[in-house]
Every structure is written in structure tokens, then in C-alpha cells.
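Engineer: With the input below, show me the fold.
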Amino acid sequence: MITSVTAIGGLLGLIVSLVFLAVQTRAVSKQVAASNNLAGTQSLDHTFAGLREVHFKMLEYPGMRAYFYEGHPLPTQEPDRERVLIIADSLADVLDSGIQVTRRIPQNESEEDWASYCRYLLERSPTLRAVVSEHPKWWPDLAALS
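Structural biologist: Residues are numbered from 1 along each chain as shown. Sure, this is the predicted structure:
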């Protein structure tokens, strides 16, 4: 009789422990998901900050935006030629990074939006398109879109 009571008590203890473990596992799972979401959001914020920096650089030199959004060809004269090429490199860095970030964020709804934005810039900017096609290994994800 005592062994049966002890066995039943042990079994109940085991069941309670398993239920408690399941509750803890579920809580940890939610915490990990929230942490991953926060990390993804921070990475996306970093990408947007990089894009803002590129736009501010364009703003420093009036007319630069036209080389990326309005289809203007690469200038042939310095210093504008060098400026446009440097901005194109920086923009390609940000765009490629953004593709990687949006792909890795769980339950991300902006992956296709970002890819669409990248395709738009590649279509509108002969310079960006040329820079990326000249060095596809530098920006592999961006090159894959062109």
C-alpha cells in the first residue's frame, strides 16, 4: 500500500514537473521569437539609416539623385563622375544588405517590397546597374535581381 501511494505520488510529481517544463518551454519560445523580431527590426533600422546616409550624400551635391532615380547616365567629367560612382557603391552596399536583412527576419512582410525597390533602382540607374554588373560578387543578392 505504501509503495503504491509512493508510486502514485512520484507519478503525480513527474506529471506536474512535465507540465511546468512545457509551460517554461513555451515561455522561452515566445521570448526567443520576440528577441529575434527585435534583432531583425534593429537590423532593418540599420539598413534604413544607411539608405538615409546615401540620400544625405546625394543632397550635398545637387543633381546627384537624378543619376539613381531619373535614369541619367554616368557623367563623363570629374568630379561628378567620381561622386556618382562612390554613391553608387554605397547605395549598392545598402541595397544588398537590405536584401539579406529582409530575407532573414522571421515573418517579414517587407522582403518583396525591398526587392521591388532594388529592382526599381537598378532599372532607373544605368550607373548602379553597371557597377553591380561589373562586380556581381561584391553584391550577389543585388546582382541576382538584375
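Engineer: so which helix or strand takes in the residue nearest the centre of the chain?
Structural biologist: In the chain, the centroid-proximal residue (Cα atoms, centre = their mean) is residue 101; its distance is 1.7 Å. Residue 101 is part of helix 80-104 when elements are defined by DSSP states H and E.
Engineer: my read: the residue nearest to the centre of the chain touches residue 45, true?
Structural biologist: No: with contacts counted by Cβ atoms under 8 Å, residue 101 stays clear of residue 45, the gap being 9.6 Å. (C-beta placed from N, C-alpha, C; glycine too.)
Engineer: residue boundaries of the helices in the protein?
Structural biologist: 2-60, 66-69, 80-104, 111-124, 126-134, 140-145 (DSSP state H).
Engineer: With mean pLDDT added, can I get the ones you listed in CSV?
Structural biologist: Putting these into CSV (pLDDT from 0 to 100) gives the following:
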stretch, mean pLDDT
helix 2-60, 76
helix 66-69, 97
helix 80-104, 95
helix 111-124, 94
helix 126-134, 97
helix 140-145, 96
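Engineer: now residue 112: how far from residue 102?
Structural biologist: As defined by Cβ to Cβ, to the nearest Å, residue 112 lies at a distance of 8 Å from residue 102.
Engineer: out of the two, which sits in the busier spot?
Structural biologist: Neighbour comparison, residue 112 and residue 102: the larger count goes to residue 102, with 22 against 10 (by other Cβ atoms under 10 Å).
Engineer: What count of nearby residues applies to the nearest residue to the more buried one once chain neighbours are set aside?
Structural biologist: Leaving aside its chain neighbours, residue 102 sits nearest to residue 111 (4.1 Å; criterion: Cβ to Cβ, 6 or more residues apart in numbering). Around residue 111 sit 15 other residues, with neighbours defined as other Cβ under 10 Å.
Engineer: show me the contacts for residue 111.
Structural biologist: Residues near residue 111 by Cβ atoms under 8 Å, 6 or more residues apart in numbering: 102-103, 105.
Engineer: again, only this time at 10 Å
Structural biologist: Under the criterion of Cβ atoms under 10 Å, 6 or more residues apart in numbering, the contact list for residue 111 reads 98-99, 101-105.
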